[in-house]
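I'd like to go over a predicted model; first the sequence, then the structure.
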Amino acid sequence: MKTVIAIDSLKGSLSSEEAGNAIKDGIKRVFPNCNIVVKALADGGEGTIEALTFGNNGIIKNVVVSGPLEEKVNASYGITNSGKTAVIEIAQAAGINLVSDKDKNPLKTTTYGVGELIKDAINNGIRDFIVGIGGSVTNDCGIGMLSALGWKFIDKNKKCVSPNGGGLKDILLIDDTNVISELKECKFVIACDVTNPLCGKNGASHIYGKQKGADEKMRYELDVNCKHFADLVKATYGIDNENVAGTGAAGGLGYGFITFLNGELKPGIKIVLEQISIEDDIKDADYVVTGEGRIDFQTSMGKAPAGVAELAKKYGAVVIGLSGCIGEGANECNANGIDAFFSILKKSVSLEEAMDKENATENMADKAEQVFRLIKAISKNERGRI
């Protein structure tokens, strides 16, 4: 019997790899000779570096870059494909987790550190990039990132504007004479799971600005700023990407990538599944175990477990979902490839207790054990053998 385990992280509790190994331990209690493959999983957001790097025998590189408020932060990126590919999460340098609630202000936050990560990778000979674009606290259309890569955004006084959402309105001229020449050799694949345009009521500022600290007045101001920048780009280069799906991702960083770096936007889970070559493992699997911290109606809408389930069903495997909790609309997952799903909790506990790493590891292994005991019992009843 072969089982493939590919479960997303339980954020704040277990990493993808930790959860997968706990499930493996539980299964081995029932089927000690089972062929089990554990694959780290992510959907382009948190955990993407680990999933793609460790899943491809890569290494992690640590670097100090500018944070969202231009403070220095410790960040990292993965290096895979024999040193040819960098895996970057923009949240490492521009993440919402890096700014306290009282300091969140997308008029002031910047993606400059993202550009520094890219520059560091280029200086190490890397030309291919996979970029996870989730979890930003910025709304600068990528001018921070681009400034770190050599672009200059000039105001009426012939000075560089502040590389943030507030600085967008002051740009009168775009100077690309000092852009890093190696960028012409680079390829950027962007893990992007949103379809929002850059501007308008469904754009970056109005839809995502609130969670980044912008009140209604500020969201309107940011939207006007983004529109000004898009119009200037169109006048300067003849490029009109303002309404392209996904350009509103990460406060317009999606726009910056496709407009200035010729980036390709792709669903995060598709990128991850391709990179970790999980289809090769699933082809002959009897069972596939997937899941995430919370299984609910959103799980079936392009999140990591849904991508795994889709592949598994292509080859006729039974798909089991495990999660920290079950939310509203989880039954949608049954119609989208997950045959049965279970919460790993044994009893009512506090959130703190549930997320405790030791407790979560034990609960995950114990639940996996019981699920596979049921599989064993059914198999014996139906065929008299395993």
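That came through, no problem.

Looks to me like residue 190 is in a helix.
No - assessed with DSSP: H, G, I helix; E, B strand; the rest coil, residue 190 is strand; it does not lie in a helix.

Count the neighbours of it for me.
26 (other CB atoms under 10 Å). The C-beta positions use only the backbone N, C-alpha and C, and glycine is treated the same way.

Thought residue 134 was touching it, still the case?
No - between residue 190 and residue 134 there is no contact under CB atoms under 8 Å: 10.6 Å.

Next, the distance between the ends of stretch 337-346.
In stretch 337-346, first residue to last residue: 25 Å (CA to CA, to the nearest Å).

what kind of secondary structure is the residue most central in space within the chain in?
Relative to the mean C-alpha position of the chain, the nearest C-alpha, by CA atoms, centre = their mean, is the one of residue 45, at 1.4 Å. Put simply, residue 45 is coil when judged by three-state DSSP.

going forward, begin numbering at 28 instead of 1
From this message on, residue numbering opens at 28, which makes the last subject residue 72.

Quick one: residues contacting the residue lying closest to residue 72 once chain neighbours are set aside.
Distance criterion CB to CB, 6 or more residues apart in numbering; nearest residue to residue 72, sequence neighbours excluded, is residue 161 at 3.6 Å. When contacts are counted by CB atoms under 8 Å, 6 or more residues apart in numbering, residue 161 touches 71-73, 116-118, 218, 220, 277, 295.

CA atoms of stretch 218-229 as PDB?
Output of stretch 218-229 as PDB, limited to C-alpha atoms (Å, rounded to 0.1, in the frame of the first residue of the first chain):
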ATOM      1  CA  ALA A 218       2.300  32.900  -7.300                       C
ATOM      2  CA  CYS A 219      -0.900  35.000  -7.400                       C
ATOM      3  CA  ASP A 220      -4.300  33.700  -6.300                       C
ATOM      4  CA  VAL A 221      -6.300  36.900  -6.600                       C
ATOM      5  CA  THR A 222      -7.900  38.400  -9.800                       C
ATOM      6  CA  ASN A 223      -8.300  42.000  -8.600                       C
ATOM      7  CA  PRO A 224      -7.300  44.800 -11.000                       C
ATOM      8  CA  LEU A 225      -5.000  47.600  -9.800                       C
ATOM      9  CA  CYS A 226      -7.600  50.300  -9.400                       C
ATOM     10  CA  GLY A 227     -11.300  50.900  -8.800                       C
ATOM     11  CA  LYS A 228     -13.800  49.500  -6.300                       C
ATOM     12  CA  ASN A 229     -12.400  46.000  -6.800                       C
END
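
buried residues in it?
218-221, 223-227 (16 or more other CB atoms under 10 Å).

And residue 297, how far from residue 365?
Distance of residue 297 to residue 365, given as CB to CB, to the nearest Å: 18 Å.

ignore the last one, residue 383
26 Å.

which one of these two has more residues nearby?
Neighbour totals were compared for residue 383 and residue 365, and residue 365 leads with 27 against 15 (other CB under 10 Å).

Which parts of the stretch 278-413 of the chain are strands?
Here the stretch 278-413 of the chain has its strands, by DSSP state E, counting those that start in this stretch, at 291-293, 314-322, 345-353, 367-370.

Of those strands, which is nearest residue 81?
Across the strands of the stretch 278-413 of the chain, residue 81 has its closest neighbour in strand 314-322 (17.7 Å, CB to CB).
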